[in-house]
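J.: here is my input; please provide its structure:
(one chain, ligands or ions: 1)
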Amino acid sequence: MAVHPAVPLNDAPVTDRPAGPVAVRASGLSRAFDGRGILHDIDLEIRQGEFVVLLGRSGSGKSTLLRILARLDAEFDGELRVPDRPSVAFQDSRLLPWNRVIDNVTLGLTDKDAKRRAAELLAEVGLADRARAWPKTLSGGEAQRAALARALIREPELLLMDEPFGALDALTRIRMHRLLRTLCERYRPGVLLVTHDVDEAVLLADRILVLTDGRVSLDLTVDLPAAGRRHTQEFTDLRTRLLTELGVEDDDQ
Ligand SMILES: Nc1ncnc2c1ncn2[C@@H]1O[C@H](COP(=O)(O)OP(=O)(O)OP(=O)(O)O)[C@@H](O)[C@H]1O
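T.: This next block holds a predicted model:
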């Protein structure tokens, strides 16, 4: 299979949409493993400031797509334009256990200002008093907040997240949703968040893509205010539509 190295983006001017510059653009992306097609001819564009949720059943190819966009997998067909170093967050926070929290946040940064910015970000995610703590002493939610600080300190054009809240309890997850929306509105990366949780998708997204057997089967703009979404009729309608698209009965969720 041909390997197409990702090339840096030149921030094309926006003509037809009010969103920011392009954060990632893919066209005709396909990926196969051992001759078995997993992704088929995917076109995708995400702009800075846009929050896109990728929804799909287990095995539909979500993580495969995210890994390609994260430049963790170069064995694909098609064209891809992504920033040099997108920030990536996974379900497990992947903090280095031998570094204190603040040193995890600044990892790889050499500028003098990094520690000050890390302290600021840790305060923003509510971890000001845990900066000197060791990762193993953090709760799951705290570890994910530290991972979010680490992802945002570089002010990425593109933030990729693979089920970042999958391992958290329901209450912590609600708090993380609010925090993530607030931080993304402030830092304005293009976001692609992978989940199989329909409610999470409808709560967070500006746009929802549904992946079905490696193809984008639905691409929906969510035109609802972020605050109070859950209590609108549109939320219920959209949820039902997505469950139908995913082939899930409402009671199964
Ligand atoms: N490295 C690999 N080698 C072979 N097959 C793979 C590899 N990575 C993924 N696959 C296969 O590709 C398909 C899609 O996997 P992927 O992890 O992208 O799905 P997903 O939509 O993220 O699923 P889930 O929601 O369960 O995490 C699966 O059938 C999986 O077995």
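J.: just the CA trace of the helix or strand harbouring Leu243, in CSV.
T.: Using DSSP states H and E, Leu243 sits within helix 233-245. These are the backbone C-alpha positions of helix 233-245, laid out as CSV (Å, rounded to 0.1, in the frame of the first residue of the first chain):
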residue,chain,number,x,y,z
GLN,A,233,-36.9,19.0,22.0
GLU,A,234,-34.1,19.2,19.4
PHE,A,235,-31.8,17.2,21.7
THR,A,236,-34.4,14.4,22.0
ASP,A,237,-35.1,14.4,18.2
LEU,A,238,-31.4,14.4,17.3
ARG,A,239,-30.7,11.6,19.8
THR,A,240,-33.5,9.5,18.3
ARG,A,241,-32.3,10.1,14.8
LEU,A,242,-28.7,9.1,15.7
LEU,A,243,-29.9,6.0,17.5
THR,A,244,-31.8,5.0,14.4
GLU,A,245,-28.7,5.6,12.2
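J.: got a list of contacts for the lowest-mean-pLDDT helix or strand in the chain?
T.: Across the helices and strands of the chain, mean pLDDT, DSSP states H and E gives its lowest value to strand 87-90, namely a mean of 83. Residues from elsewhere that reach strand 87-90, judged by C-beta atoms under 8 Å, 6 or more residues apart in numbering: 66, 70, 72, 144, 147-148, 150-152, 154, 156, 158-164, 189. Where C-beta positions appear, they are placed from N, C-alpha and C, glycine not excepted.
J.: narrow those residues to those in helices?
T.: With DSSP state H as the criterion, helices contain 66, 144, 147-148, 150-152 from among the contacts of strand 87-90.
J.: may I ask which of these has the most neighbours?
T.: Within those, most neighbours by other C-beta atoms under 10 Å means Gln144, with 28 neighbours.
J.: so what's the residue count around the spatially closest residue to that one that is not a sequence neighbour?
T.: The spatially closest residue to Gln144, leaving aside those adjacent along the chain, is Ser93, at 5.4 Å (C-beta to C-beta, 6 or more residues apart in numbering). When counting by other C-beta under 10 Å, one arrives at 21 neighbours for Ser93.
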